[in-house]
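Undergrad: Quick one: sequence plus predicted model below, questions after.
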Amino acid sequence: MAEQVWWWPYAMILVAGWLATDVWRWLGVLLSGRLREDSELLLWVRAVATALVAGVISKLILFPAGALADAPVALRLAAAASGFVAFLVGGQRVVVGVLAAEVVLIGGWLLIGLA
Amino acid sequence: MGWMLRGTRAAVSIPALILSAAFVGYAGLARESGLSLSETLMLTGMVWALPSIVVLTGAISAGMGMIPAAIAVALASVRLMPMTMALMPLLRVEGKTRRWHLLVSSHFVAVTAWVFAMRNLEDLPREGRLPFFFGFGASLTSFVFCVTGISYLMVERMPMMVAGALFMLTPVYFLCSLWGAARVAADKVALLAGLALGPVFFLSLPGLDLLWTGLVGGTLAYLGTRFARRGFR
């Protein structure tokens, strides 16, 4: 099996990691060509980029990889929602939102563990 | 050089700390998945986009073939193209900036640097923006690279709750910083639309879900806010 060779993971990282990721960045540079800072097209491109990242966010919360999957989905949603509300209320400081989400997540996790 | 150093100094920030903590969590996942230290570091530095890094880590540990893994990673990374497209007009000095400088700097496009750049570059003189962004991106990447290596070596087994808490950092941090970087109504509506559509497309069109989330959510947000701005013109 090719997977047994020592350099296989590195080849995977080069092709399936580096190329598969950076090709989009390079395309972004090449396609931005004459895109103007104040154009309608750019507004649309920004909206698409933002919606894509937002899709990543909800996937990370609803279908997480690793240890977070062990926390119930309701707790994960509650943590993310409280974090966002705290961020909005607390003067739009990212650190406030992140800390609030972590407090709810860990607090809730401990409570469930105790119950 | 002055602008590059300023970019480096700006990289010493709360977002950099949050991102580093998220990569501490990733180092634990990489170790659990059976990746070696050098593989983990190479993956971190060369891919440099956390969701894509997590996808490829899963693919390698599952023994997935190169082509299916490349397709999965490419689909998780599509968002980098519109992000880069939106950033370039800010970085470029028309007729002066070399394209290869932009191509090299584009490697640092990922949520943290992108959000920071979209928010702050406009206040800088045009000539300073590209070196500033390069300084910011290069120092952030190098710092997180070191953090990842150190935590891989130091954290043998992470308690479940700590690992989970570290994984919670990324989505909440993305959510808050993306909202903070929104400049027009379309960005905010697109954010909400993407949050709602992401799971819908994930369940109905797995694989291409992020692409559809971006295109449908972004277009709806753009058209809706355009109509609100200027009616049917």
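TA: Perfect, I can see it now.
Undergrad: Next up, the contacts around A:Leu60.
TA: A:Leu60 makes contacts with B:51, B:167, B:170-171, B:174, as judged by CB atoms under 8 Å, 6 or more residues apart in numbering or on different chains. The way it works is simple: take the backbone N, C-alpha and C, and place the C-beta from them, glycine included.
Undergrad: my bad, B:Phe143
TA: With contact taken as CB under 8 Å, 6+ apart, B:Phe143 is in contact with B:11, B:16, B:20.
Undergrad: what number of residues lie near the last one?
TA: It refers to B:Ser20. Number of residues near B:Ser20 (other CB atoms under 10 Å in any protein chain shown) recorded here: 17.
Undergrad: With distance to A:Leu19 added, can I get the contacts of A:Leu60 in JSON lines?
TA: Shown next, in JSON lines, are those (distance: CB to CB, whole Å):
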{"residue": "B:Pro51", "distance to A:Leu19": "17"}
{"residue": "B:Phe167", "distance to A:Leu19": "27"}
{"residue": "B:Thr170", "distance to A:Leu19": "24"}
{"residue": "B:Pro171", "distance to A:Leu19": "27"}
{"residue": "B:Phe174", "distance to A:Leu19": "24"}
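Undergrad: Buried ones in stretch B:194-205, by neighbour count?
TA: B:194-195, B:197-202 (16 or more other CB atoms under 10 Å in any protein chain shown).
Undergrad: In helices, which of these fall?
TA: B:194-195, B:197-202 (DSSP state H).
Undergrad: Those also near chain A: which ones?
TA: Filtering those for neighbours of chain A using CB under 8 Å from any CB of the partner chain leaves B:194-195, B:197-199, B:201-202.
Undergrad: about what we covered before: possible to save the contacts of A:Leu60 as JSON lines with pLDDT?
TA: Putting the contacts of A:Leu60 into JSON lines (pLDDT from 0 to 100) gives the following:
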{"residue": "B:Pro51", "pLDDT": "85"}
{"residue": "B:Phe167", "pLDDT": "88"}
{"residue": "B:Thr170", "pLDDT": "87"}
{"residue": "B:Pro171", "pLDDT": "91"}
{"residue": "B:Phe174", "pLDDT": "89"}
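Undergrad: So which of these are in helices?
TA: Using DSSP H to define helices, the subset of the contacts of A:Leu60 located there is B:51, B:167, B:170-171, B:174.
Undergrad: Please pull out the lowest mean pLDDT helix or strand from the chain.
TA: Going with chain A. Within chain A, no helix or strand scores below helix A:40-62, which has a mean of 90 by mean pLDDT, DSSP states H and E.
Undergrad: please go with chain B instead
TA: Result, chain B / mean pLDDT, DSSP H and E: helix B:209-212, a mean of 85.
Undergrad: who touches the helix or strand following that helix?
TA: Counting by DSSP states H and E, the next helix or strand C-terminal to helix B:209-212 is helix B:218-230. With contacts defined as CB under 8 Å, 6+ apart, helix B:218-230 is touched by A:40, A:43-44, A:47-52, B:82, B:184-187, B:189-190, B:192-194.
Undergrad: Return the set of buried residues in helix B:218-230.
TA: By neighbour count with 16+ other CB under 10 Å, helix B:218-230 contains the buried residues B:218-222, B:224-226.
Undergrad: got a markdown table for those, with pLDDT too?
TA: Formatted as a markdown table, the buried residues of helix B:218-230 follow (pLDDT from 0 to 100):
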| residue | pLDDT |
| --- | --- |
| B:Gly218 | 94 |
| B:Thr219 | 96 |
| B:Leu220 | 96 |
| B:Ala221 | 96 |
| B:Tyr222 | 95 |
| B:Gly224 | 94 |
| B:Thr225 | 93 |
| B:Arg226 | 92 |
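Undergrad: Can you tell me which of those is closest to chain A?
TA: B:Gly218 (3.2 Å; CB to the nearest CB).
Undergrad: Against A:Leu88, how distant is that closest one?
TA: Separation of B:Gly218 from A:Leu88 (CB to CB, to the nearest Å) stands at 22 Å.
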